[in-house]
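Engineer: what follows is a predicted protein model with its sequence.
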Amino acid sequence: TETTEIRKGLAGVVADTSAISKVNPDTNSLLYRGYPVQELAAKKSFEEVAYLLWHGELPTPAQLGEQTAAERVHRELPDNIRDAILELPTDCHPMDVCRTAVSILGAHDPQAEDSSPEAELAKALRLWAVLPAVVALDQRRRRGQEIVHPREDLGYSANFLWMTFGEEAEPAVVQAFEASMVLYAEHSFNASTFTARVITSTLADLHSAVTGAIGALKGPLHGGANEAVQATFEEIGSADRAEAWLEDALAQKKKIMGFGHRVYKNGDSRVPTMRAVLGDLAEHYGQTEVLDLYDTLENAMGSRKNIKPNLDYPAGPAYHLIGFDTNIFTPLFVASRITGWTAHIMEQRAANSLIRPVCEYVGPEQREVP
Ligand code: CMC
């Protein structure tokens, strides 16, 4: 009899080709359209990276100007979406708010059922432009604060921070946040991107694919890890308690959030850049204790399990330092990854094949209904 090889979790399965990003676990490198992500984070704006992911090349000044103009006019939350968000309970998870907002935006989108490349790009841009307003409003309404409207004179990241906190962020903070947006933007066939591609493969619309992707990102094994890392840091409290805490957590067979990766087994290429960003933020805010805890837990995890941190490990405490509420961290990931998701949706649509794997049936053999 023929035996089928089952790859649980599709580990190592090559499901399709993609020209968007290359993950090389041997060299710990991640390239967006050929460019090392850490160099993009150092030299390019998130707006330029969004353009790169969608179009395959970095923009000329004129192309960037055109995209920027389009992004800035779509920053404001339409009244009906704002009202719908304000009706949602303040104790639901902010990822539910994000997911719901994208779903409603789809229902109202005049191009919802137009999947031409031009319409797909326009929809991607509008979602990217408006998501910061969704996330900012959600944090503010939970804090009992008034909505802050977008400013057209600010770049993407500065405006995002403005709408969230109601004051202009200092340049060092804008730069740190911007780097996180670049690092989170794209990562090949991760669970949420693959979800978006599965949905697109049925020829469903872009908003459906993004709504599904948000659902996949919510879980703590994926995007929800950045929130979970902050919870871990708060539970541990200080560096001197990290080793004992880890001992206990591992004895209980707990997964340590922010560590490990399905593809990278020798370290996540995005971590050194984000760790440096966290270091800068800690200096900026005069809260360097967090770095002691960070390093102690990382070293302990390294010597106990030889498992290295992933991007969520430095991103969680970095977002905390900036002042975001912990439950808003994963929506920040959404605001960034919308670029990669939509690039994949467009790539999937351009050379589509229905994604529909098979399984090996292990239930009862055929039997008679009594
Ligand atoms: N804490 C404790 N043990 C771990 C961890 C961890 N974070 N990650 C892996 N291991 C252990 C795992 O228990 C297993 O041990 P054993 O062989 O004794 O059973 C071994 O390492 C291999 O792990 P695995 O679960 O087979 O690896 P995977 O490829 O299925 O899992 C992962 C990848 C990301 C789901 C997992 O590492 C994990 O749960 N990490 C914590 C959650 C997290 O940080 N997720 C973010 C992922 S990356 C960025 C993102 O998407 O946001």
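Structural biologist: Perfect, thanks for sending it. Numbering: from 1, shown residues only.
Engineer: next, count neighbours for Thr211.
Structural biologist: A total of 23 residues lie near Thr211 under the criterion other C-beta atoms under 10 Å. Where you see a C-beta, it was placed from the backbone N, CA and C, and this is true even at glycine.
Engineer: pull out the buried positions in the stretch of helix or strand it belongs to.
Structural biologist: Thr211 belongs to helix 206-218 when assigned by DSSP states H and E. Neighbour counts over helix 206-218 (16 or more other C-beta atoms under 10 Å) mark 206-214, 216-218 as buried.
Engineer: same for it, what does it pack against?
Structural biologist: Using 3 or more C-beta pairs under 8 Å, 6 or more residues apart in numbering; DSSP states H and E, the elements in contact with helix 206-218 are helix 94-108, helix 117-142, helix 191-201, helix 329-350.
Engineer: quick one, the second one and helix 206-218 angle?
Structural biologist: Computed with axes from the mean of the first three to the mean of the last three C-alpha atoms, to 10 degrees, the direction of helix 117-142 lies at 50 degrees from that of helix 206-218.
Engineer: which parts of helix 117-142 are buried?
Structural biologist: Residues of helix 117-142 classed as buried by neighbour count (16+ other C-beta under 10 Å): 119-141.
Engineer: number of residues surrounding the residue in the stretch 201-350 of the chain positioned nearest to the ligand?
Structural biologist: Proximity of the stretch 201-350 of the chain to the ligand (C-beta to the nearest ligand atom) peaks at Gly260, 2.2 Å away. A total of 18 residues lie near Gly260 under the criterion other C-beta under 10 Å.
Engineer: ditto for His74
Structural biologist: His74 has 17 neighbouring residues, counting by other C-beta under 10 Å.
Engineer: who in the stretch 151-300 of the chain is up against the ligand?
Structural biologist: The stretch 151-300 of the chain comes close to the ligand at residues 190, 220-223, 225, 255-262, as judged by C-beta under 6 Å from any ligand atom.
Engineer: which residues of the stretch 201-350 of the chain fall in helices?
Structural biologist: In the stretch 201-350 of the chain, the helices defined using DSSP state H, counting those that start in this stretch lie at 206-218, 225-236, 242-251, 271-285, 289-305, 312-322, 329-350.
Engineer: want to throw those helices into JSON lines with mean pLDDT?
Structural biologist: Below are these laid out as JSON lines (pLDDT from 0 to 100):
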{"stretch": "helix 206-218", "mean pLDDT": "98"}
{"stretch": "helix 225-236", "mean pLDDT": "97"}
{"stretch": "helix 242-251", "mean pLDDT": "97"}
{"stretch": "helix 271-285", "mean pLDDT": "98"}
{"stretch": "helix 289-305", "mean pLDDT": "97"}
{"stretch": "helix 312-322", "mean pLDDT": "98"}
{"stretch": "helix 329-350", "mean pLDDT": "98"}
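Engineer: enumerate every residue touching Gln67.
Structural biologist: Neighbour list for Gln67: 47, 50-51, 59, 125 [criterion: C-beta atoms under 8 Å, 6 or more residues apart in numbering].
Engineer: no, scratch that, I was asking about Tyr51
Structural biologist: 58-59, 63-64, 67.
Engineer: ok so, going back, contacts for the helix holding Thr211?
Structural biologist: 93, 95, 98-99, 102-103, 105-107, 109, 112, 115, 120, 123-124, 127, 191-200, 222-224, 330, 333-334, 337-338, 341-342, 345.
Engineer: one more pass at 6 Å, please.
Structural biologist: Residues from elsewhere that reach helix 206-218 (C-beta atoms under 6 Å, 6 or more residues apart in numbering): 95, 98-99, 102-103, 106, 120, 123, 191-192, 195-196, 199-200, 223-224, 334, 341, 345.
Engineer: and it, C-alpha only, in CSV?
Structural biologist: Extracted in CSV, the C-alpha atoms of helix 206-218 (Å, rounded to 0.1, in the frame of the first residue of the first chain):
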residue,chain,number,x,y,z
LEU,A,206,-9.6,41.6,-1.0
HIS,A,207,-11.4,42.8,2.1
SER,A,208,-12.5,39.2,2.8
ALA,A,209,-8.9,38.0,2.5
VAL,A,210,-7.6,40.8,4.8
THR,A,211,-10.4,40.1,7.3
GLY,A,212,-9.4,36.4,7.4
ALA,A,213,-5.7,37.3,7.7
ILE,A,214,-6.5,39.5,10.8
GLY,A,215,-8.2,36.5,12.4
ALA,A,216,-5.1,34.4,11.8
LEU,A,217,-2.7,37.0,13.1
LYS,A,218,-4.6,37.4,16.4
